[in-house]
Structure formats: structure tokens, C-alpha cells
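Chemist: please find the sequence and the predicted model below.
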Amino acid sequence: MLGEKRSILNISMLASDMVITILSFFVAYWLRTTSVFQFSWFSEAPLYPLWLYMKVLLLLLPLWWILYLRLGRYQPIKILGRYTFPLLPVYRVNVLGLLIAISIGYFLKVASVSRALVLLFFAVNCLLQTLWRLFLLAFLQRVYFHESDFRQVLVVGDARKISKLNGFISGKNEWGIKVIEVMEKPSPECLAAVLQQRVIDDVIFTIDSSKLSQIEDDITVCEQMGVGIHIVTEWFRSRASKAWMDDFYGVPMLTLSSTRRRPWELLIKRTIDIFLSGVGIIFLLPLMAVVGLIIKLTSPGPVLFAQTRCGLNGRLFKLYKFRSMVQDAEKRLESLKDRNEMTGPVFKIKDDPRLTPIGKFLRQTSLDELPQLYNVLKDDMSIIGPRPPLPEEVQKYKLWQRRRLSVTPGITCLWQISGRNDINFDQWMKLDMQYIDTWSFWLDLKILLLTIPVVLLQKGAR
């Protein structure tokens, strides 16, 4: 939880610092070639072609990497109620790196490197690192630290026993984590009810080691619903299957998860989602405009249909689709429920009388799903993931079925490529669990590629 976020941010910042350092070297060389930076007031080595200086860059990069790794501080700190990145470590790294580079050049009698180039590299690197941190801070203030995106945490046990958690539980919402409730001795049934009614991402257990057996049923409930589990471990430092040690404001915890937690792969998955959805919206915009025009001409009502769906751990969001039904479709649903062809809490019929003249074609070709690229861009959804259910459907889920909410929902998943509406609800849920338990980049790629022929051949579409 906290350790994962910090690890992602630290490594991302380290990688970005190295990229900026490389960029600074090329910018410094370009500046040195301009007339503004032709210094004549001290003896200066001639400026050689850029490719000759690449050897110098290759020598500098490991040095800067070590200095950033050892001296760079990548954790944001809070000053006067606002987050900021300390800039002093950046300048310290660059000053020390400059001194070491100059010393190495002196002892090795290297006289062919332009000293003006070295000084420009130092100045440009400091400037770009400062600008990058200011930009990143503005971004994090808007997205990463925004309260609506905080992970919702439930504490079970007596939090007062862990003194280091007191400030956090009383409202210390750093690193995008918020405690929404503390329950001292809930029964498994009571805990299950709270997890079903509230948006909960993680549960923290603070309990004496002698009472560990008393929370086994509570842990089972959390596992069934796909909620993150953290056990305060000042008294317990064992490692178990699907478990790892985490750090929570200085308090060691044992973290358990029934879903795969791969922070770096999830970060890459999100990056791919942003790229694919952005490119998809740009290139498919003419097609979407044509579809919207046809909808407008063939039936009264809006072009887009917005519907509340359940996202990650039950978060509600508006899902957008091209309207394929008449305006009062939801009001007419009750009169059609006896014709439902699906098992479970979902409703599907083959020839729905509420479809517009173009509605059936839109659904069979999945063109009605195109606006969901915007949901992907907003981070409500992913390209690949279990389909987002309706809130009233989730209320009828069994505990084990709620675990499908433990990952970000998607436009397509195993259900789409395995028959869609031709399989029953239990099989659908099991396919979603299979995706959660076996997720990998290769699985996402396989699903994406297999979705294409499924859509073109209209398999299982209604």
C-alpha cells in the first residue's frame, strides 16, 4: 500500500532524473555552440564534435546514478499544509557530481573537454531538475494527492496500541491514504456488511499476537472480497505465501493480498491505457462523429447514454456509451424482467424491444462501446479488465463474486472472448476470477488480439 506507492514514485523519479541528466548534456552542448556562450575571457579547449563527448557522458551517467540513488530525496514532504519536493538534494547531487568530475579530469590530465561545456551542463541540469519537480508537484497535487483518489482504509482493532498510527488515524492523509472508520471488535458478518456498503481498498488489523486466531474469519472475508489486508507486525515478522512486509508510517506490517500486486506492471498497464485510449479517440473521432449523427437522425434523444457503474472496490463512476435504446429504456425494464435469458443478477435478452433502429447493429459490432475510451483516459476503466457492473447487481453478489471489483474494470476481458452472452453468470464470474488470479501483460495482449475477431464475427453479441 504505502510502500508500493513510495517505491513507484522513488524509482520513477530516479529514472526521470537520469533522463533529464542526459537531456541536459545535449542542451548544454547545443548552447555551447551558440555565439552567446563563446567565452573568450579564459583559456578554453576547442569544442569537438558531439559524438566524441559521448564517451564523457557514458562516464558521467554511472556517477550521477549513484549520487541520485544515495543523496536524492524523492519523497514529498508537507510544509504549511502543502506538499513539496525538497530541492536541496538535487543541487547537492549536481555540485558533488561536478566536483568529482572535475577532480577525475584533473588527475587523469584530461584537457580536451570544454570547461564551459561542463559548467553549462551543471547549470542546465539544475534548472531542468527544478522545473521538472515544480511540474511534477503541480501534477501530484491535482491527481496523486487528490482526496477523491485516496485509498480508503478501514482499521480493525485498537489503534491506540500502536502509537505511531495515532496521528495518521486522526486525519494525517499523506500519500493518498484515508482512514474512514475504526472498528474495535467486529464480527465477520458485520465486517462483510461494511465492506459491501462502503468503498474499502484496504483493511488494517491491529491485534495482539495472542489473539491472531480470532481474526482468521475476518481475513477470509477480506480475501473473498479482494480487499487488501495489512497486519501490524511489531510482534510478528514472518513471511508467508502471497504476503510481504510493508512499511506504514514507520510501523512494520504484514500485508496479504488475494490479488496480484505488481506496482511496476500496473504502472506500465496504466501508461499503455492512456496511450491506447488517447490514440483511439483521435483516430476514431470521425467514425464516432458519423455514429453520433446516425443515432441523432434515427431516434429522438441524446447521442450518448451515461449510466452509473461500479469501479475499483465499488467506486461509482459514469460509464459512457452510444445510445442504442429508446429514451425510456430503463423505465421499461421492469416489464421485461420475466424474459431475462441470463442467470444471476444481470439482465440480457436477445431481441430487446427497447433497441433503436440502429441499436442492434451498434451492439453487435460493439460500436456503442467506443465512448468508453474516455472512461479509460479518465482512469475509471482500463482497456482490459472485468466489465463494470451496475450498483444494483453488486448488491446481489455473493462475497466471492465481489472480488471482481478488486481490479480496475475494463472494456474487454475473458468474458468477451469466451462467448459473452452465451455463457451463464457463474461462468462469467469465474472467468473474471481467472483473469485476476493469472493477470500478466501477455494475457492482456492475448485478450486484446482475440477481441478483434470476436467483434468482427459478432460472437455472443446481443
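Modeler: Yep, it's here.
Chemist: and stretch 192-202, how far from the chain's centre?
Modeler: 20 Å (C-alpha atoms, centre = their mean, to the nearest Å).
Chemist: start and end of it, how far apart?
Modeler: 13 Å (C-alpha to C-alpha, to the nearest Å).
Chemist: show me which residues of it are buried.
Modeler: With burial defined by 16 or more other C-beta atoms under 10 Å, the residues of stretch 192-202 counted as buried are 192, 194-196, 199-202. (Each C-beta comes from the backbone N, C-alpha and C, glycine too.)
Chemist: reformat those as JSON lines; add distance to T271, pLDDT and secondary structure.
Modeler: Below are the buried residues of stretch 192-202 laid out as JSON lines (distance: C-beta to C-beta, whole Å; pLDDT from 0 to 100; DSSP: H, G, I helix; E, B strand; the rest coil):
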{"residue": "A192", "distance to T271": "35", "pLDDT": "91", "secondary structure": "helix"}
{"residue": "V194", "distance to T271": "34", "pLDDT": "91", "secondary structure": "helix"}
{"residue": "L195", "distance to T271": "30", "pLDDT": "91", "secondary structure": "helix"}
{"residue": "Q196", "distance to T271": "32", "pLDDT": "89", "secondary structure": "helix"}
{"residue": "V199", "distance to T271": "25", "pLDDT": "89", "secondary structure": "coil"}
{"residue": "I200", "distance to T271": "27", "pLDDT": "90", "secondary structure": "coil"}
{"residue": "D201", "distance to T271": "21", "pLDDT": "88", "secondary structure": "coil"}
{"residue": "D202", "distance to T271": "24", "pLDDT": "88", "secondary structure": "strand"}
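Chemist: once you drop chain neighbours, what's closest to F305?
Modeler: Sequence neighbours aside, R323 is the residue nearest to F305 in space, at 4.2 Å (criterion: C-beta to C-beta, 6 or more residues apart in numbering).
Chemist: what is the burial count for the one you found?
Modeler: R323: 23 surrounding residues under other C-beta atoms under 10 Å.
Chemist: what is the nearest of the buried residues of stretch 192-202 to Y374?
Modeler: V199 (22.1 Å; C-beta to C-beta).
Chemist: helices along the stretch 101-250 of the chain, start to end?
Modeler: Secondary structure of the stretch 101-250 of the chain by DSSP state H, counting those that start in this stretch: the helices cover 115-142, 166-169, 188-197, 216-225.
Chemist: state the mean pLDDT of the shortest one.
Modeler: Translated: helix 166-169. Regarding helix 166-169, the rounded mean pLDDT is 55.
Chemist: for I66, grab phi and psi.
Modeler: Main-chain dihedrals, I66, degrees, to the nearest 10: phi -60, psi -40.
Chemist: I misspoke; the intended subject was I423.
Modeler: Torsion angles, degrees, to the nearest 10, at I423: phi -110, psi 150.
Chemist: was I right to think it contacts I417?
Modeler: No. If you go by C-beta atoms under 8 Å, I423 and I417 don't touch, sitting 11.0 Å apart.
Chemist: re the thing from before, residues in contact with the residue nearest to F305?
Modeler: By C-beta atoms under 8 Å, 6 or more residues apart in numbering, the contact set of R323 is 295, 299, 301-305, 356, 359, 368.
Chemist: and these, which of them are buried?
Modeler: Among those, those scoring as buried are 295, 299, 303-305, 356, 359, 368 (criterion: 16+ other C-beta under 10 Å).
Chemist: let me know the pLDDT of I411.
Modeler: For I411, the pLDDT comes out at 94.
Chemist: wait, A159
Modeler: 61.
Chemist: now swap in L355 and tell me
Modeler: Listed pLDDT for L355 reads 90.
Chemist: among the buried ones among the contacts of R323, which one lies nearest to L276?
Modeler: Of all these, D368 has the smallest distance to L276: 18.6 Å, by C-beta to C-beta.
Chemist: so the closest one touches L319, yeah?
Modeler: No. Using C-beta under 8 Å, D368 is not in contact with L319, being 11.1 Å away.
Chemist: give me the neighbour count for F135.
Modeler: Neighbours of F135 (other C-beta under 10 Å): 10.
Chemist: now T34
Modeler: Burial of T34 is recorded as 8 neighbouring residues (other C-beta under 10 Å).
Chemist: next one: K296
Modeler: 13.
Chemist: then H230?
Modeler: Other residues lying near H230 total 24 when counted by other C-beta under 10 Å.
Chemist: check K446 too.
Modeler: Around K446 there are 14 residues (other C-beta under 10 Å).
Chemist: helix or strand: which one has it?
Modeler: Assessed by DSSP states H and E, K446 sits inside helix 441-457.
Chemist: hey, which helix or strand in the chain has the poorest pLDDT?
Modeler: strand 77-79 (a mean of 43; mean pLDDT, DSSP states H and E).
Chemist: quick one on the thing from earlier: would a markdown table of the buried residues of stretch 192-202 with distance to D432 be doable?
Modeler: Converted to a markdown table, these look like this (distance: C-beta to C-beta, whole Å):
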| residue | distance to D432 |
| --- | --- |
| A192 | 20 |
| V194 | 23 |
| L195 | 18 |
| Q196 | 18 |
| V199 | 19 |
| I200 | 19 |
| D201 | 18 |
| D202 | 21 |
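Chemist: between these, which is closest to I384?
Modeler: Each of the buried residues of stretch 192-202 was checked against I384 using C-beta to C-beta; the closest is D201, at 20.6 Å.
Chemist: and that closest one, what does it touch?
Modeler: Residues near D201 by C-beta under 8 Å, 6+ apart: 151-153, 227-228, 312-313.
Chemist: out of those, list just those in strands.
Modeler: Judged by DSSP state E, the subset of those located in strands is 151-153, 228.
Chemist: now the helices of the stretch 101-250 of the chain as TSV including distance to V376?
Modeler: Formatted as TSV, the helices of the stretch 101-250 of the chain follow (distance: least, C-beta to C-beta, whole Å):
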stretch	distance to V376
helix 115-142	19
helix 166-169	33
helix 188-197	27
helix 216-225	25
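Chemist: deepest-packed of these, please.
Modeler: helix 216-225 (a mean of 20; mean count of other C-beta atoms under 10 Å).
Chemist: which secondary structure elements does that one sit against?
Modeler: Taking 3 or more C-beta pairs under 8 Å, 6 or more residues apart in numbering; DSSP states H and E as contact, the helices and strands that helix 216-225 lies on are helix 188-197, strand 202-206, strand 228-232, strand 251-256.
Chemist: secondary structure element holding the closest residue to Q129 other than its chain neighbours?
Modeler: Sequence neighbours aside, V90 is the residue nearest to Q129 in space, at 4.7 Å (criterion: C-beta to C-beta, 6+ apart). In this structure, V90 sits in helix 88-107 according to DSSP H and E.
Chemist: which parts of that helix are buried?
Modeler: Buried residues in helix 88-107 (16+ other C-beta under 10 Å): 89-90, 93-94, 97-98, 101-102, 105.
Chemist: any chance of a markdown table for those residues, columns pLDDT?
Modeler: Compiled in a markdown table, the buried residues of helix 88-107 are given as follows (pLDDT from 0 to 100):
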| residue | pLDDT |
| --- | --- |
| P89 | 75 |
| V90 | 76 |
| V93 | 80 |
| N94 | 79 |
| G97 | 79 |
| L98 | 78 |
| A101 | 73 |
| I102 | 71 |
| G105 | 65 |
